[in-house]
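Student: What shape does this take:
(one chain, ligands or ions: 4)
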Amino acid sequence: MRMNALFLLTAFAAVTSVSGYNILCMMFLPSRSHLHLARGIINSLLESGHQVTWVTSYPEEAPHKNLKQIELSDVRAISAALETASMEMNISQIRQFTKNISDMAASSPLVREALVKENYDAVVTEWFLSDVEAGYAAVQQAPWIVLNTVVMHPYMEYLVDSVRSLPVVPFMHYDFPIPMSFRERLVNTFTFGLMMIDNWLQYASASSRYEQHFSPIAAARGVSLPPFSEAIHNISILFVNSHPSFSNALSLPPNVIEIAGYHIDENTSPLPKDLQEILDSSPKGVIYFSMGSIIKSTGLPEKTKRDLIDIFGELPYTVLWKFEEKMEGLPKNVHIRSWMPQASILAHPNVKVFITHGGLLSMLESLRYGVPIIAIPVSSDQPGNADRSVRAGHALKVKFSPDMAPKIKTALNEMLSNDSYYKKAKSISKLFNNRPVKQSKLISHYVELAIESKGAYHLRSKSLLYKWYELWMLDQIAAVLAVLSMFYIIVKKIISTITRKPAKENIVKKNK
Ligand SMILES: *[C@@H]1O[C@H](CO)[C@@H](O)[C@H](O)[C@H]1NC(C)=O
Ligand SMILES: *[C@@H]1O[C@H](CO)[C@@H](O)[C@H](O)[C@H]1NC(C)=O
Ligand SMILES: *[C@@H]1O[C@H](CO)[C@@H](O)[C@H](O)[C@H]1NC(C)=O
Ligand SMILES: *[C@@H]1O[C@H](CO)[C@@H](O)[C@H](O)[C@H]1NC(C)=O
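Tutor: Numbers count the residues shown, from 1 in each chain. Ligands and ions are numbered 1, 2, ... in the order given. Predicted structure coming up:
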């Protein structure tokens, strides 16, 4: 009897000690890679026993028992446009597109109802060229957690701190060596200037969209909506997809947490049986080729596909190619699948080279498992990723074009005959994986800390409390200059009165 009571007591304690917080995650960008990135955050929170409400354009069919989903089907409807058009979209079109998506989410009746009726302990949003998302946490009066799905960049720095990286670290899309030359630093600063001017031009419209979406919700909740200018800097925790093993080391305030690689399962899932057999029976080595989810291999010209098959067929290695259609007459060593469990393949010790478009997620997976890459960048951050990896010594770059097949062959020969790329990939991988705390633990720890400390103010940069000219110390310089010039005037006056005396006497004498 006593045993039973004791058991019940401990069981009860175990249940109640799980501090299940109620967390709203606004992560609804209609793209496969953003879906992966959202899942990484959500799974970490669920594993730690929290209740998650996920606003998504791709709801899961059999969700975790603590996961509530709010589906944004109209966002998914325009995703087809993103998947096919993103390569050609210019910056103003991308901005229009993200604005549309952000407006759709904020005006969705289901989202509004949840924001009015529910009380969340924290709100997580993904930053994607828009600050209007500040409103979700503002109307909930809860800590705001931001996920930046690329490496740390000056605009994020501007939101959480003062911009300090500008003179030392080149922008994401520039491949300037560090230390930068005078001209490169000038270009870097000029780019930042243009970005801030652009931001300032967009500010009025962003601010009015913020008011338009969130004032009614704030009114319905009976809270006052903070001004946009304050809300955008009210970030408790910023998660960034960076890590010093591959991105640049920066001085960051303690509320910026680098979690690159968090989207990769900590326990690599086993390979399907057929792939396991292919990989195990290829001791000479395997080349894995995938251009990601947006660029379909079927979109390649017929001749390019044929040339690639011919080149792969001549190799003494096994080739796994993520390819979306059936193909006749394949050489025996080439295996095609429309879907590949990428992480599990890269984890296999026989994989020697990864041919990739160089999207950030694929790059991170290659670093996690230490596989050298041949990058064929196409758009957005891919050229920059490729250049950085070439410079780091674990990659070769091939230009994307219909006649790229012979160049891929040259690159493959170079990479497979010179083991410096493989060794470099392994040594960077060691740094990449060398973390005192797993990323999923960091995610739940910092979200809980933000909630328990009511906003993690103790981790935030104090720079935000100052005006820009105070940070640049212009007021201090002005004060010093004022004192110096006052001193100069006084000294000058004294000197002139001393030197003028004999002159007066002279005049007096003359008058006599
Ligand atoms: C972007 O493309 C659209 C449509 O093709 C065009 O109207 C617009 O001027 C372009 N903007 C920029 C900044 O290139
Ligand atoms: C955004 O919405 C506007 C009007 O609602 C529409 O005309 C435009 O085509 C949309 N743009 C994109 C890129 O979806
Ligand atoms: C900033 O966020 C905290 C929670 O992290 C909240 O309590 C506070 O009201 C917010 N302040 C403004 C000005 O929005
Ligand atoms: C292997 O490649 C590295 C990096 O490009 C180069 O420095 C080295 O000289 C190459 N070694 C041989 C034997 O070609």
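Student: residues from the chain in reach of ligand 3?
Tutor: Proximity of the chain to ligand 3 is confined to 138, 141, 143, 226, 230-231, 234, 236, 455 under the rule CB under 6 Å from any ligand atom. In short, each C-beta sits where N, CA and C put it, glycine included.
Student: Just the buried residues of the residues you listed.
Tutor: Buried members of the residues of the chain next to ligand 3, counted by 16 or more other CB atoms under 10 Å: 138, 141, 143, 226, 231, 234, 236, 455.
Student: How many residues are close by R500?
Tutor: For R500, the count of nearby residues is 10 (other CB atoms under 10 Å).
Student: how close does the residue of the stretch 151-300 of the chain found nearest ligand 1 get to ligand 2?
Tutor: Closest approach between the stretch 151-300 of the chain and ligand 1, counting by CB to the nearest ligand atom: D198, at 10.6 Å. Distance, D198 to ligand 2, by CB to the nearest ligand atom, to the nearest Å: 18 Å.
Student: per-residue pLDDT, that residue?
Tutor: As predicted, D198 sits at a pLDDT of 92.
Student: returning to that earlier point: TSV for the buried ones among the residues of the chain next to ligand 3, including secondary structure?
Tutor: Shown next, in TSV, are these (DSSP: H, G, I helix; E, B strand; the rest coil):
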residue	secondary structure
A138	helix
Q141	coil
P143	coil
P226	coil
A231	helix
N234	coil
S236	strand
G455	coil
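Student: okay, those in CSV with pLDDT and distance to G261 next?
Tutor: Shown next, in CSV, are those (pLDDT from 0 to 100; distance: CB to CB, whole Å):
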residue, pLDDT, distance to G261
A138, 98, 31
Q141, 98, 33
P143, 98, 24
P226, 98, 34
A231, 98, 31
N234, 98, 28
S236, 98, 23
G455, 98, 27
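Student: Might you enumerate the residues of this protein proximal to ligand 1?
Tutor: So far as CB under 6 Å from any ligand atom goes, the chain lies against ligand 1 at 90-93.
Student: Would you check which pair of these lies furthest apart?
Tutor: Across the residues of the chain next to ligand 1, no pair lies farther apart than I91 and Q93, at 7.4 Å, counting by CB to CB.
Student: And those two? Which one has more around it.
Tutor: Set I91 next to Q93 and count neighbours by other CB under 10 Å: Q93 wins out with 12 against 9.
Student: Tell me where the model's unsure across the stretch 251-400 of the chain.
Tutor: Within the stretch 251-400 of the chain, the stretches with pLDDT under 70 are 294-298.
Student: For the one residue in it that gets nearest to ligand 3, grab the count of nearby residues.
Tutor: For the stretch 251-400 of the chain and ligand 3, the shortest gap (CB to the nearest ligand atom) falls at N255, measuring 10.8 Å. Neighbourhood size, N255 [other CB under 10 Å]: 24.
Student: what packs against the strand or helix carrying the residue of the stretch 151-300 of the chain closest to ligand 1?
Tutor: Applying DSSP states H and E as the criterion places D198 in helix 182-221. On a contact count with 3 or more CB pairs under 8 Å, 6 or more residues apart in numbering; DSSP states H and E, helix 182-221 meets helix 91-106, helix 109-117, helix 134-140, helix 154-160, helix 228-231.
Student: What residues of it count as buried?
Tutor: By neighbour count on 16+ other CB under 10 Å, the buried set for helix 182-221 is 185, 187-188, 191-192, 206-207, 209-211, 213-214, 217-218, 221.
Student: Kindly report the same for stretch 52-71.
Tutor: For stretch 52-71, by 16+ other CB under 10 Å, it's 52-58, 66-71.
Student: Show me which pair in these is furthest apart.
Tutor: Based on CB to CB, the longest span within the buried residues of stretch 52-71 runs between S57 and N66 and measures 20.7 Å.
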